[in-house]
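Asks: Return atomic coordinates for the entry below.
(2 chains)
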Amino acid sequence: MPQFPHAMLVEETHDERSRHAFIASLREFTMADLYPRLRAHYREVLAPRHAEQHGALPQSVDRVRSVMESSPFYTGYSLLVRGTQELLWDTVGEVVERQLPALIEKAADATGSLTLDPSLPVPKYTSAVDIHVMPGGFHTEITENDVFAGALYDRGVHLFAFGGLGPLNDELGVATAAAAQRQFSDFAPRKILDLGCGAGHATLPLADAFPAAEVHGADLAAPMLRYAAARAAALGYTIHFAQQDATHTTYPDGSFDLIASTLLLHEMPRPAILALLRECHRLLRPGGLMVHHDLLRWPEDPFDAFMMAWTTRHNNEPYERASGTLKFPEDCAAAGFDAADVFIVAQPGAYLEEVYQVSGIRGARKR
Amino acid sequence: MVLALAAEVSALRERLDTHERLADGEQLPATPSVEAYVPTEAVEATRASARHSLIDRITRVLLETEAPQRRAVTPPDEPQDGVD
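Replies: Modelled structure (predicted):
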């Protein structure tokens, strides 16, 4: 499914389009073809062989690890997936660099609402690693008024998902908004905040779901926010973007009726997630709702758990497990919510639903 | 290195395909018309299939580390025609 050519999306020459199409095909091959083969190889060959030699199937993640790491097929799979990831950023990055001055100019001319805070420190858990192996991560600025990371991520994630996130890369955000709507049919938030909004892929669907609401997007990364504001304006949305740390923002107490995040928590260590939950409690009005769309639980099957941690080991997502092992009712209660108001729902279209079936939405309402 | 080279081979093949399709339409393929060429859905599907074939060939060595062992556990009455 082609990406929607909004005004901030990079333009491609004939050959750039072909290289990008090849990378999307590689991604599709590794996920839709190679991964099921790897799974079958483990189930049909490696695990039975282990049972033959040791009298039992591998029972722990560590045991699966030793089995997998001695498999040339797994090693080759890992090399191919990691190699594709590096090629993706490198190839798209070249296209973005070529157009960066023009993109910066377009972003500067855009009419979006944007508040940056250059004094905001980038926490170490974000700055210490290039998340997703994306060079510079989300926050690095390579030039003045930079939008590089936003432009790179917007095009790159579309190829990463081989189009599966939809023409606007928004299907996970649509699922987040739908979960909020479905949970409380009479819910009509007046003011909404999307935490870790990035390029705004999950922010715009909140505006679509609740058209009467004033929608805000907060993120640590200035290059993402500049891009997000210009992209939203190009698509005809009025969203208020601001550079904020989701664990301690500058919004006044009780500012929002709905606070959402989509695939944010799994990039944060547990202490930061707990601080974020406390901040949500402070920012919500009574009756307000928070919804976090992320890993709902860590897989129990040792093979699935081992493979779930592939991105931790090889895709620079060191905290992925922290969100998967949250004790959500207890952790929300510690943040000030009533555990009875906590819900965990599966939502069609949620993250990794097809592959691991551990996705879902977690939320809580403030009394 | 191999993946980047393969991406370039794929891009070159598609550029050649564009040239041939434009020439088939009796248009002299100059750079502007090549750059402006937008494949139809049918052409894109053909190209996607060609990309997947190229990827299959590039990854043959990897796939064969797995396939013989899977064949060994395939019941003998099933066809054993290599990579599925």
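Asks: Contacts for the helix or strand containing residue A:282 next, please.
Replies: Per DSSP states H and E: residue A:282 is located in helix A:270-283. For helix A:270-283, the external contacting residues (C-beta atoms under 8 Å, 6 or more residues apart in numbering or on different chains) are A:123, A:125, A:193, A:195, A:246-249, A:251, A:253-256, A:259, A:261, A:265, A:268, A:290, A:319, A:322-323, A:326, A:331-332, A:334-337, A:366. Quick note: C-beta positions are derived from backbone N, CA and C, even for glycine.
Asks: could you point out which element follows that helix?
Replies: With DSSP H and E, the next secondary element past helix A:270-283 is strand A:284-295.
Asks: In contact with residue A:256, which residues are there?
Replies: Neighbours of residue A:256 in contact, by C-beta under 8 Å, 6+ apart: A:189, A:191-193, A:216, A:283-285, A:288.
Asks: Mind giving me the ChimeraX select for these, buried ones only?
Replies: Remark: buried members of the contacts of residue A:256, expressed as a ChimeraX selection using 16 or more other C-beta atoms under 10 Å in any protein chain shown:
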select /A:189,191,192,193,216,283,284,285,288
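Asks: Can you list the residue ranges for strands in the stretch 201-350 of chain A?
Replies: With DSSP state E, counting those that start in this stretch as the criterion, the stretch 201-350 of chain A has strands at A:214-219, A:239-243, A:256-262, A:284-295, A:342-345.
Asks: Just name the most buried of the ones you listed.
Replies: strand A:256-262 (a mean of 27; mean count of other C-beta atoms under 10 Å in any protein chain shown).
Asks: hmm, back to that, can you redo the contacts of residue A:256 as a markdown table with pLDDT and distance to residue A:171?
Replies: Listed next are those as a markdown table, based on pLDDT from 0 to 100; distance: C-beta to C-beta, whole Å:
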| residue | pLDDT | distance to residue A:171 |
| --- | --- | --- |
| A:189 | 96 | 21 |
| A:191 | 98 | 25 |
| A:192 | 98 | 19 |
| A:193 | 98 | 21 |
| A:216 | 98 | 22 |
| A:283 | 97 | 26 |
| A:284 | 97 | 26 |
| A:285 | 95 | 29 |
| A:288 | 94 | 25 |
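Asks: in which helix or strand would I find whatever residue of the stretch 151-300 of chain A ends up closest to chain B?
Replies: In the stretch 151-300 of chain A, no residue comes nearer to chain B than residue A:162, which is 10.0 Å away by C-beta to the nearest C-beta. Using DSSP H and E, residue A:162 maps to neither a helix nor a strand.
Asks: quick one, what contacts it?
Replies: Contacts of residue A:162 by C-beta under 8 Å, 6+ apart are A:24-25, A:27-28, A:31.
Asks: which of those residues lies closest to chain B?
Replies: residue A:25 (4.0 Å).
Asks: And the host helix or strand of the closest one, what does it pack against?
Replies: Element membership for residue A:25 (DSSP H and E) is helix A:14-28. Under the contact definition 3 or more C-beta pairs under 8 Å, 6 or more residues apart in numbering or on different chains; DSSP states H and E, helix A:14-28 sits against helix A:72-109, helix A:148-160, helix B:2-24, helix B:41-58.
Asks: And the average pLDDT for the next helix or strand after that helix is what?
Replies: Downstream of helix A:14-28, the next assigned helix or strand under DSSP H and E is helix A:35-41. For helix A:35-41, the mean pLDDT works out to 94.
Asks: Just name whatever secondary elements the following helix or strand past helix A:35-41 is in contact with.
Replies: The helix or strand immediately downstream of helix A:35-41 is helix A:47-54, counting by DSSP H and E. Contact analysis of helix A:47-54 by 3+ C-beta pairs under 8 Å, 6+ apart lists helix A:61-69 as its packing neighbours.
Asks: Need the contact partners of the helix it packs on.
Replies: Applying C-beta under 8 Å, 6+ apart, the set of residues contacting helix A:61-69 is A:42, A:46-47, A:50, A:58, A:74-75, A:302-303, A:305-306, A:309.
Asks: run the last query once more with 10 Å
Replies: A:38, A:41-42, A:46-47, A:49-50, A:54, A:56-58, A:60, A:74-75, A:77-78, A:298-299, A:301-310, A:313 (C-beta atoms under 10 Å, 6 or more residues apart in numbering or on different chains).
Asks: secondary structure class for residue A:361?
Replies: strand (DSSP: H, G, I helix; E, B strand; the rest coil).
Asks: Skipping its backbone neighbours, what lies nearest it in space?
Replies: What sits nearest to residue A:361 in space, not counting adjacent residues and going by C-beta to C-beta, 6 or more residues apart in numbering or on different chains, is residue A:179, at 3.9 Å.
Asks: wait, isn't that neighbour in contact with residue A:345?
Replies: Yes: using C-beta atoms under 10 Å, residue A:179 is in contact with residue A:345, at 6.0 Å.
Asks: any shared contact partners between the two?
Replies: Joint contacts of residue A:179 and residue A:345 (C-beta under 10 Å, 6+ apart) are A:291, A:360-363.
Asks: List only buried entries from those residues.
Replies: A:291, A:360-363.
Asks: pLDDT-wise, what's the bottom of the residues you listed?
Replies: At the low end of pLDDT for these is residue A:360, which has 64.
Asks: Pull the contacting residues for the spatially most central residue of chain A.
Replies: Nearest to the mean C-alpha position of chain A, by C-alpha atoms, centre = their mean, lies residue A:263 at 3.4 Å. Neighbouring residues of residue A:263 by C-beta under 10 Å, 6+ apart: A:172-173, A:176, A:196, A:198, A:201-202, A:292-295, A:323, A:351-352, A:359.
Asks: One more: residue A:252?
Replies: So residue A:252 contacts A:282-283 (C-beta under 10 Å, 6+ apart).
Asks: For residue A:87, which non-adjacent residue is spatially closest?
Replies: Per C-beta to C-beta, 6+ apart, closest to residue A:87 is residue B:3, 4.9 Å.
Asks: count of residues packed around the one you found?
Replies: For residue B:3, the count of nearby residues is 21 (other C-beta atoms under 10 Å in any protein chain shown).
Asks: Please verify my assumption that it contacts residue A:86.
Replies: Yes: at 8.4 Å, residue B:3 counts as touching residue A:86 under the criterion of C-beta under 10 Å.
Asks: And residue A:248, how close does it get to residue A:114?
Replies: 20 Å (C-beta to C-beta, to the nearest Å).
Asks: er, residue A:350 I mean
Replies: Using C-beta to C-beta, residue A:350 is found at 29 Å from residue A:114.
Asks: Distance check, residue A:124 against chain B.
Replies: Applying C-beta to the nearest C-beta, to the nearest Å, the value for residue A:124 to chain B is 32 Å.
Asks: and that residue, how many neighbours?
Replies: Residue A:124: 9 neighbours (other C-beta under 10 Å).
Asks: For the residue nearest to residue A:361, which three-state class applies?
Replies: When the rule is three-state DSSP, residue A:179 gets the label helix.
Asks: and it, what is it in contact with?
Replies: Residue A:179 neighbours (C-beta under 10 Å, 6+ apart): A:209, A:260, A:291-293, A:343, A:345-350, A:360-363.
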